[in-house]
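> Got a predicted structure plus its sequence, pasted below:
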Amino acid sequence: MNVPNLAQRVQPLKPSDLRRYSALVQQTGGVNLSQGVCDQPAPDALKQAAKAAIDANHAIYTDLRGLASLRRAIAQKYERFNGFSVDPETDIVVTCGSAGAFVCVMMATLNPGDEVITFSPGYHYYAETLALIGVNVRYVNTRPPDWRYDSDELAAAFTDRTRMVLVNTPCNPSGKVFSESELREIAALAERHNTWVLTDEIYEYITFGVPHVSIARLPGAEDRTITVSGPSKTYAVTGWRVGWAVGPAAVMQKVGIVNDILNICAPAPMQHGVLAGLSLPDAYYRDMALDYRRRRDLLAETLTDIGFTPFRTDGAFYILAEFAEGRFASAVDAAETILHRVGVAVVPAPPFYANPSDGARVLRICFAKSLPELEDGCRRLRQLKSLGV
């Protein structure tokens, strides 16, 4: 039977390993240390506010920019925590998750054939989203143990087609937190080449002994930087699908229109819930970071004990860990073996690298789990020693 062809842009697409391993471990009743789903309870304040909004019939479209009260709270958060000022009327758009913000910003700022510079290893959904809109990616490598990049390599990545530098800090999957000096260098290059800067700061509150710095607060960067973030990781509400983009009024006006065309608005009751989260005390964020640090240390100790080399993680909630040459045939073989032998789902790291061979012996393991579940996962991983794996 003849059927119409699919669009060429979707021909290369295939399901993500993040989804595949999550589905497989659910079938086996094991421990999912693959996808960053923040498998912990959300704060009561958010849940109560969202339920109250449902009971109050807040079920219609909001302003395409998001609730005015939420935008005001987001502006206060950026003034207080990130160190720069934004106008809640013109500089903020609330979206369907930070991923939705990313798509809207890309469509508002980039044309087919443009180039974006970003860093490897990095979140591979960026490249897949950019490919859908015909934008090319140029990579700058960061390397363990401290995930530094080479300044000359970054400078050489700019061409006459470069329209944006994409930064994720703290970074998924490496846990790199870009320093102020690195961000100043990126800002200076963006100014010299007249490009946008897109900074994804979804993990901004999850750092371990190093400060989070927003590039938008640095001199020369404020008028060309768009900041994407949201509550998903901070409050463990990844499924609520609320995020935002913050940036200069002229571009945010277009981002809002794209958001309206694609999504109309973020879920109204969830916006009310997130509004409640933004008034949580500073102790919440401090305690959350400390809890994640304990989880990081537990997982790193476990990985070391079973013969892996965990790389430095200064933020977010993932560890990249390398296994010795010859221990497994590949990263995929390692992930499959660990899943089937001890019931723990991890992710092969090659898709996160510009050159997949750089991650040929690397796995990404997530520690955004309840402590009992993470302890169970670590106990299972330690069984690899007795099994001779």
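That came in fine, so what should we check first? Please read these numbers as outputs of a predicted model, since none were measured by experiment. Residues are numbered from 1 along each chain as shown.
> contacts and neighbour counts: CA atoms only from here.
Fine.
> give me the low-pLDDT residue ranges for this protein?
Along the chain, segments meeting pLDDT under 70 span 1, 17-27.
> Walk me through the domains of it.
Domain ranges of the chain: 15-42+282-387, 44-277, per automatic domain parsing.
> just so I know, which of those domains lies nearest Ala7?
The closest of the domains of the chain to Ala7 is domain 44-277. By C-alpha to C-alpha, the value is 10.2 Å.
> measure the closest one end to end?
9 Å (C-alpha to C-alpha, to the nearest Å).
> Which elements pack onto the lengthiest helix in the chain?
Longest helix in the chain, counting residues (DSSP state H): helix 282-305. Other elements packing on helix 282-305 under the criterion 3 or more C-alpha pairs under 8 Å, 6 or more residues apart in numbering; DSSP states H and E are strand 309-310, strand 318-322, helix 371-387.
> Give me whichever of the ones you listed is most buried.
Greatest average neighbour count among the helices and strands packed on helix 282-305 goes to strand 318-322 (a mean of 24), per mean count of other C-alpha atoms under 10 Å.
> What lies in contact with the helix or strand just after that one?
Elements were assigned by DSSP states H and E; along the chain past strand 318-322, the next helix or strand is helix 331-342. By C-alpha atoms under 8 Å, 6 or more residues apart in numbering, the list of residues contacting helix 331-342 from outside reads 25, 30, 328, 344-350, 359-363, 380-381, 383-384.
> hmm, back to that, could you give the separation of the longest helix of the chain from the chain centroid?
18 Å (C-alpha atoms, centre = their mean, to the nearest Å).
> Ignoring the adjacent residues along the chain, who's closest to Gln40?
Ser370 (5.5 Å; C-alpha to C-alpha, 6 or more residues apart in numbering).
> Repeat that for Tyr78.
Per C-alpha to C-alpha, 6+ apart, closest to Tyr78 is Phe84, 6.0 Å.
> can I assume the one you found sits in a strand?
No. Assessed with DSSP: H, G, I helix; E, B strand; the rest coil, Phe84 is coil; it does not lie in a strand.
> can you give me phi and psi for it?
Phi and psi for Phe84, reported as degrees, to the nearest 10, are phi -140, psi 160.
> what comes up buried for the longest helix of the chain?
Under the neighbour-count criterion of 16 or more other C-alpha atoms under 10 Å, helix 282-305 has 289-290, 292-293, 295-296, 298-300, 302-303 buried.
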